[in-house]
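J.: Sequence plus predicted model, see below.
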Amino acid sequence: MSRPSDYDDGTGAGGSLRAESPELGITGWGRWFWRQLTSMRVALILLLLLAVGAIPGSLVPQRSADPNGVLQYEQDHPTLFKILDAFPIQAFDVYSSVWFSAIYLLLFISLIGCVLPRIAHHWKAWRGTPPKTPARLQRMAGFSEVRVSNPAATSEERADFGARAVEAAAGLLKKQGYRVETQEATRRGVTEVSVSAERGYLRETGNLLFHVAMLGVLISVGIGAALTFNGQKVLIEGETMVNQLIDYDTVNSGRAFDTASLEPFSLRLNSLDVSYMSPEDGNIDALGQVKDYLADMTLISPDGSTEESHTIRVNHPLRVHGSPIYLIANGYAPLITIKNAEGEVVYRESMPFIPQDTNMTSLGVVKVPFGITTDDGEQTQLGLRGFFYPTQAELDTGAFTSNYPDLENPVLTLDVFTGDLGIDSGIPQSVYVLDTEKMTQLTGRAVDADSLTLTPGDTVDLPNGLGTITFESAPRYAAFDVMQNPAQVWILVFALAGLGGLMWSLFVPRRRMWVKAVQEPDGVVLQYAGLARGDDPALDRAVEELRERHRELL
């Protein structure tokens, strides 16, 4: 097939037909970037990146939560530590790193950019009028019509009837909470009077409230993380703590936390009473299970002038100066006295032992860094590791265990080590762990020597003439968690607001209803229809109920 003589395919003198996009410029690129950032797709991608970015924080120790672990990691993996700690990886400060903060801030901007336009659009819809009645209601859900015939009626009478019918329908819809507007139109020479009604604006309001509340929760959590304080302290019966950083065993605080904001009150643990299930309770299978913990406390004012008695139970904290104090753990702390070969007391403390089972079989260590002299006259450090059995029983293998958590037959067994405890290496150590790498074991199965076995009041000799050890008593200890977060009230407020908004958005249907009166030569046709935004299985029934009530009213 031949082409016309004036055909130009773009390769001749007529020029090119290739379409070219205009240059966007700075404003255009900025508008494009903003639209991409505030899109739902990018918001979901950023949320996924935030979740993935948090994974390294659980794989390696973080300076904010475990500074000792970071020091130990540096010692164990010096080359890898330099790589992971370098900018921009910052693996040991994940949650405050540049890249994690960038994801976090971009997600905030994206959420705000999504919510604000929706708020503006919803405000306009709230103040606006219901939409115009569609020309063809037959396409809408629940469509039905009622024909009212009266061939003898004049055109004016039919128009008057249609107007009164629409006004009656408008009254019914108003009583059901709809916003209504009466409309009149002429199509193809036929006069149509209708009422357009809409309700369910609270659905979108609740949806927006939920998203705004979630932003409020995230912002409150961020502020709370910067201003929070969390301190843990182990108290043995009779001991007193002071609400100051130096007196806590472990402390986690936000970057913006002001230590001067801590009220210097004191708290003394008078006793820890634990009640157990007994045969009198009628349930032999639950024998030994805990019924309740009661920590008898004395609160001492900052100046020491007043004392108040309080009781702390599990999930029933003591609230002091805005700081809830929780009871989080408990156990036994055997009181041990160690004397050297010269009879001098080199150690006398109650050392908390960590429970290993429900019967309070507990593991603990004792460290004596000085005061012990060997047979050749050299100074050495002493370490002891062993178990405490509140109610000692013997297994078929000959090993000890505890068959009841209370003090019925308390026994303490210890293995003795001498050498270097490793406390002078510059790396902080846990008081509950004994590093035996540079120590020599003197008792225990590993060296085929009996462990030291003591009951309360017993005194036995340490091996190799190192001295004596006395097991005096087994008081209880309790671990307390002191918290301070000025944003927690706002977190609760926004969480409740978000829950309310979610309920609104789930249970309030967004509906539009129409009732139209169309004049015909022999009467008036009343048409009914509805439309829902989203899934609304009750819409057809609602239209049917409106039609029946309207017929009864007419």
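T.: Received the coordinates, thanks.
J.: neighbours of the nearest residue to residue 466 once chain neighbours are set aside, just the number please.
T.: Using CB to CB, 6 or more residues apart in numbering and skipping residues adjacent in sequence, the residue nearest residue 466 is residue 372, 5.6 Å away. Every residue, glycine included, has its C-beta placed from N, CA and C. Using other CB atoms under 10 Å, residue 372 has 21 neighbouring residues.
J.: Tell me which residues of the helix or strand containing residue 372 come out buried.
T.: When elements are assigned from DSSP states H and E, residue 372 belongs to strand 362-373. By neighbour count with 16 or more other CB atoms under 10 Å, strand 362-373 contains the buried residues 362, 364-368, 371-373.
J.: Need the pLDDT of the residue nearest to residue 259 when sequence neighbours are not counted.
T.: Of all residues not flanking residue 259 in the chain, residue 245 sits nearest, at 5.7 Å (CB to CB, 6+ apart). Per-residue pLDDT puts residue 245 at 90.
J.: List the residues that contact residue 245.
T.: The neighbours of residue 245, taking CB atoms under 8 Å, 6 or more residues apart in numbering as the test, are 231, 251, 259, 262.
J.: Pretty sure the second one sits against residue 231.
T.: Yes. Residue 251 is in contact with residue 231 according to CB atoms under 8 Å; the separation is 4.8 Å.
J.: that older thread, any idea what the residue nearest to residue 466 is bridged to?
T.: Counting by DSSP bridges, residue 372 forms beta bridges with residue 380.
J.: which stretches of this protein have low pLDDT?
T.: Counting by pLDDT under 70, the chain contains low-confidence ranges at 1-22, 68, 426-427.
J.: From residue 254, how far out is the residue nearest the centre of it?
T.: Central residue of the chain (CA atoms, centre = their mean): residue 221, 9.1 Å from the mean position. To residue 254, residue 221 is 11 Å away according to CB to CB, to the nearest Å.
J.: Run the chain-centre distance for the host helix or strand of residue 157.
T.: Element membership of residue 157 [criterion: DSSP H and E] is helix 155-175. Centre-to-centre, helix 155-175 and its host chain are 56 Å apart (CA atoms, centre = their mean, to the nearest Å).
J.: quick one: which of the contacts of residue 245 has the most company?
T.: Counting neighbours by other CB under 10 Å, the top entry in the contacts of residue 245 is residue 231, with 23 neighbours.
J.: Quick check: next helix or strand after the helix or strand hosting that residue?
T.: Per DSSP H and E: residue 231 is located in strand 229-236. Moving toward the C-terminus from strand 229-236, the next helix or strand (DSSP H and E) is strand 240-242.
J.: buried stuff in that following strand?
T.: Those would be 241-242, for strand 240-242 by 16+ other CB under 10 Å.
J.: ok, and what's touching it?
T.: In this structure, residues lying in contact with strand 240-242 by CB under 8 Å, 6+ apart are 233, 235, 247-248, 264-269, 300, 480.
J.: again with stretch 332-340
T.: The contact list for stretch 332-340 (CB under 8 Å, 6+ apart) reads 236, 345-353, 360, 362, 364, 366, 368, 371-373, 382, 388, 390, 407, 410, 412, 462, 466-477.
J.: after the lengthiest helix in the chain comes which helix or strand?
T.: Assignment by DSSP state H gives helix 98-127 as the longest helix of the chain. Using DSSP H and E, the helix or strand that directly follows helix 98-127 along the chain is strand 141-149.
J.: Residue 172 reaches residue 548, doesn't it?
T.: No. The pair residue 172 / residue 548 is not scored as a contact, 10.7 Å apart, by CB under 8 Å.
J.: and the two? which has more neighbours close in?
T.: residue 172 (20 against 12).
J.: Contacts only, for the more buried one.
T.: 546, 549-550, 553.
J.: any idea how far it lies from residue 129?
T.: Distance, residue 172 to residue 129, by CB to CB: 19 Å.
J.: Please apply the same query to residue 333.
T.: Taken as CB to CB, the span from residue 333 to residue 129 is 75 Å.
J.: contacting residues for the closest residue to residue 362 other than its chain neighbours?
T.: Excluding its sequence neighbours, the residue lying closest to residue 362 (CB to CB, 6+ apart) is residue 353, at 3.5 Å. Residue 353 is in contact with 331-334, 362-364, 387-388, counting by CB under 8 Å, 6+ apart.
J.: Then residue 119?
T.: Residue 119 sits next to 208, 212 when contact means CB under 8 Å, 6+ apart.
J.: Residue 291 now?
T.: Taking CB under 8 Å, 6+ apart, we find residue 291 in contact with 275-277.
J.: go on, residue 312?
T.: 294-295, 297, 318, 325-327, 480.
J.: Now residue 325: which helix or strand?
T.: Using DSSP H and E, residue 325 sits within strand 323-332.
J.: Mind listing what's buried along that strand?
T.: 323, 325-327, 330-332.
J.: Tell me the one of the residues you listed nearest residue 115?
T.: Closest approach to residue 115 among the buried residues of strand 323-332 (CB to CB): residue 323, at 34.4 Å.
J.: That closest one and residue 266: what is the separation?
T.: For residue 323 relative to residue 266 (CB to CB), the value is 13 Å.
J.: Residues in contact with both of those two, list them for me.
T.: With CB under 8 Å, 6+ apart, residue 323 and residue 266 have common neighbours residue 243.
J.: if we can go back for a sec, just send the buried residues of strand 323-332 back as JSON lines, with distance to residue 399 too.
T.: Formatted as JSON lines, these follow (distance: CB to CB, whole Å):
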{"residue": "323", "distance to residue 399": "44"}
{"residue": "325", "distance to residue 399": "39"}
{"residue": "326", "distance to residue 399": "35"}
{"residue": "327", "distance to residue 399": "32"}
{"residue": "330", "distance to residue 399": "25"}
{"residue": "331", "distance to residue 399": "21"}
{"residue": "332", "distance to residue 399": "19"}
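J.: Now do the strands in the stretch 401-550 of the chain.
T.: 411-419, 439-441, 452-454, 459-461, 467-473, 476-484, 511-520, 523-532 (DSSP state E, counting those that start in this stretch).
J.: What of the stretch 251-400 of the chain?
T.: Remark: strands assigned in the stretch 251-400 of the chain by DSSP E, counting those that start in this stretch are 266-276, 290-300, 307-312, 318-320, 323-332, 335-340, 345-350, 354-355, 362-373, 379-389, 392-394, 400-402.
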